[in-house]
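Peer 1: Here is my input; please provide its structure:
(one chain, ligands or ions: 1)
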Amino acid sequence: MSIDTLHIQHFRNITAAKLQFHPRINLFFGENGAGKTSVLEAISLLGRGRSFRSHKLKPLIQTDQPSVVVFGVIKAQGRADKLGVERNRRSQDQFRLNGEAVGSAAELAKVLPVQSIYADTFELITGGPGERRQFLDWLVFHVEQQFFPAWQQVRRALKQRNSLLRSGRIEASALAVWDSLLAKEAGLLDQCRQQAFTRFKDAFNALKGTVPALADLTLEYHRGWPADQNLVDVLQEGLDRDRASGYTLLGPHRADLRIRLNRAPAEEFLSRGQQKILACALKISAGQVFQQTTHRTCVYLLDDLPAELDEEHRQLLAQWLLALDAQIFVTGIDPGQLTGAWQALGVSFDLFHVEQGVISKLEQNNG
Ligand SMILES: Nc1ncnc2c1ncn2[C@@H]1O[C@H](COP(=O)(O)OP(=O)(O)OP(=O)(O)O)[C@@H](O)[C@H]1O
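Peer 2: Numbering: from 1, shown residues only. Model (predicted):
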C-alpha cells in the first residue's frame, strides 16, 4: 500500500502543494520551521483525521483560512482509492472515500493505516498507560474486526455510568444495565487485545534480539481489572470509590502494556537513546503484525529522525523499515545525514526540499 499523490491546501505554512511520491522512500529536508513536519502531519490527517503531534485542529489550519484540505490517492493491491479530508474552524468536517462521505476517521484509517515516530514517541516508554493503550489499540483495531464495535460500546457504557455516578442519585437498576453492558463488551475488547498482544509480543521478542540493550526486556498486557475477577463484581465492589471519584476506576479503559526489565519498569534502566530505539522497535513490531495479519503494509512517518538516534541505530531502523516493505516518509535538517542510511543500503528514494512551505522534488536516486 502506498500514497501515490497528495494534495495539501492551507495546512500550517503550506498554502498549496501537489506531490507525487516514491512508492517506498520519501525524504524531506529543510531548515527549522520550513514545513517538513507539516507534510507528515498532512498525511496523518488523511489517515487518522488528525495530526500525530496534537489533537488540536485549529493550529493546523493556515492562519486567516477557514479550512484545511488534504486529498490523496492510495494504491494497494491493484486498486486506487481516493481519500479526502476537509476540516474547518466551525467543526463541519468532511471525510470522503472515493467521492462518498464517510462518517468517521476510522473509515480513513482502514484505507490508510499510519504509524508515526517523532520526538515524543519515547513517551510510549516514559508516559502513562494511555499512550501504550492507544498504541496497542491501533494494532487491535486493524487486526481484530470485533474490536471497534466493542470499543464503541465500552465508551458508551462508561460515559453513561460515569454520568450516573456524578448525578448524586444512583438508581440501582439503571446502574446494573450499564454495568452489565460494560462487562460484556469489555470481555470482548479484552479478548481482542489479548489475541493481538500475543502476536505482537512474538514479533517484538524476535526483533529485540538484534539490539543488545533490549534483549532482556519483557512485555506484559494488563487488562485494566484483576485477572481473576468478573468485571461486574469488580464494579459493584468498587461502587463507593467510583462514586467518590466521579468516574469508573477499573475496566478496559485502564488497560496497559507494561515493559519491564528485571521485573521493574524498563524506563528506570534505559538511557534516553535506548528508550528511543525501544519505542521504534515497538512501532516496527506493530507494523510487522499488521502486515502478517492483513497482508497489507502501513505507512511510516518519521519526523526528524536523524536527531533522535546515533548512526548505528539509524542504520538498524532503516533495515527494519526496509524489511517491512512499507512506504516511509522521513524528515531531517541535514540532507547528507538524511540520505546516508538509505544510500548505505543501496536503495532508491525521492528527495524533497522544503522551504517556507514550498516543497520541491530534487532528485531521483536509483540506489
Ligand atoms: N496555522 C498556521 N498558519 C500558518 N503558518 C503556521 C501555522 N502553524 C504553524 N505555522 C508555521 O508553519 C511552519 C511549520 O513548520 P513545521 O513544524 O512543519 O517545521 P519543520 O520544517 O518540521 O521544522 P523543524 O525542523 O523546526 O521541526 C512553521 O514555520 C510555523 O511557524
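Peer 1: Would you mind confirming that residue 308 makes contact with residue 119?
Peer 2: Yes: Residue 308 lies in contact with residue 119 (CB atoms under 8 Å); the separation is 7.0 Å. Using the backbone N, CA and C atoms, a C-beta is placed for each residue, glycine as well.
Peer 1: The two: which has the busier surroundings?
Peer 2: residue 308 (23 against 14; other CB atoms under 10 Å).
Peer 1: Which pLDDT value belongs to the more buried one?
Peer 2: Listed pLDDT for residue 308 reads 73.
Peer 1: Tell me who's in contact with the nearest residue to residue 344 once chain neighbours are set aside.
Peer 2: Closest residue to residue 344 apart from its sequence neighbours, by CB to CB, 6 or more residues apart in numbering: residue 315 at 6.6 Å. Residues in contact with residue 315, defined by CB atoms under 8 Å, 6 or more residues apart in numbering, are 341, 344-345.
Peer 1: Also residue 340?
Peer 2: Neighbouring residues of residue 340 by CB under 8 Å, 6+ apart: 311, 314.
Peer 1: Tell me if I am right that it is in a helix.
Peer 2: Yes: with DSSP: H, G, I helix; E, B strand; the rest coil as the criterion, residue 340 is part of a helix.
Peer 1: could the contacts of residue 315 be laid out in TSV, adding distance to residue 75, neighbour count and pLDDT?
Peer 2: Shown next, in TSV, are those (distance: CB to CB, whole Å; neighbours: other CB atoms under 10 Å; pLDDT from 0 to 100):
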residue	distance to residue 75	neighbour count	pLDDT
341	25	24	85
344	28	13	88
345	24	15	89
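Peer 1: In this structure residue 94 contacts residue 83, no?
Peer 2: No: using CB under 8 Å, residue 94 is not in contact with residue 83; the gap is 11.4 Å.
Peer 1: These two: which has the busier surroundings?
Peer 2: Using other CB under 10 Å as the criterion, residue 94 and residue 83 rank with residue 83 on top: 22 against 13.
Peer 1: Quick check, pLDDT for the most centrally placed residue in the chain.
Peer 2: Residue closest to the average C-alpha location in the chain (CA atoms, centre = their mean): residue 115, at 4.7 Å. What the model reports for residue 115 is a pLDDT of 96.
Peer 1: is it in a bridge, and if so with what?
Peer 2: Beta-bridge pairing for residue 115 (DSSP bridges): residue 300.
Peer 1: ok, it touching residue 282?
Peer 2: No: between residue 115 and residue 282 there is no contact under CB under 8 Å: 10.0 Å.
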